[in-house]
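Chemist: Task: produce atomic coordinates for the following.
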Amino acid sequence: MTTTTFKLIEDGQSHEINASVDATSVRLDTTTALGALGWTQKPEGLCQGDVCVPVASSPDLITDRGIHLEGLAELLGRPLAINRDHAVASLGAAAESHGAQLTGGEAPDFTLPDLAGNEHTLSSFRGKKVLLIAYASW
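Modeler: Residues are numbered from 1 along each chain as shown. Okay, here's the model as predicted:
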């Protein structure tokens, strides 16, 4: 078990948090990590505003060594990428935060130039049928 400062990147913000790292897990200082993410620990679980996530079924999530980063990401339904060698992790947004956009049937607004250099905004075609073609070279 190594004690180090771990960089947690979340929502475009970088947070330096004391951590205990071994080959299989990363445990962050509980108070600092939850504060950086906007959560608090209460008897009913981890809470953000009036939303609480129960932790009773995850007894190893929070111990005297800190909060288990992988377990926290799983509990919150958020993707996590970790590089233990460089002491950095990135916590992505929960999938359900994008769900309404994906199931709403409406593409996000954007502006692109045509071949003549004239810019066109998708919302300017609202109410008309539009064919969107996307191409990726990879």
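Chemist: What distance separates the opening and closing residues of stretch 23-38?
Modeler: End-to-end distance for stretch 23-38, by CA to CA, to the nearest Å: 28 Å.
Chemist: if I pick residue 40, what's in contact with it?
Modeler: By CB atoms under 8 Å, 6 or more residues apart in numbering, residue 40 lies in contact with 34, 46, 47, 48. (Each C-beta comes from the backbone N, C-alpha and C, glycine too.)
Chemist: which of the residues you listed tops the neighbour count?
Modeler: residue 46 (23 neighbours; other CB atoms under 10 Å).
Chemist: Quick one: the strands in the chain, in order.
Modeler: Along the chain, counting by DSSP state E, strands occupy 2-10, 13-21, 26-28, 40-42, 45-48, 51-53, 62-63, 66-68, 80-83, 88-91, 111-113, 119-121.
Chemist: quick one, phi psi at the residue most central in space within the chain?
Modeler: Nearest residue to the geometric centre of the chain (CA atoms, centre = their mean): residue 92, 2.1 Å. Main-chain torsions, residue 92, degrees, to the nearest 10: phi -80, psi 170.
Chemist: how about the nearest residue to it, chain neighbours excluded?
Modeler: Once flanking residues are discounted, residue 92 sits nearest to residue 79: 3.9 Å by CB to CB, 6 or more residues apart in numbering.
Chemist: thought the residue nearest to the centre of the chain was touching residue 82?
Modeler: No - counting by CB atoms under 8 Å, residue 92 stays clear of residue 82, with 11.9 Å between them.
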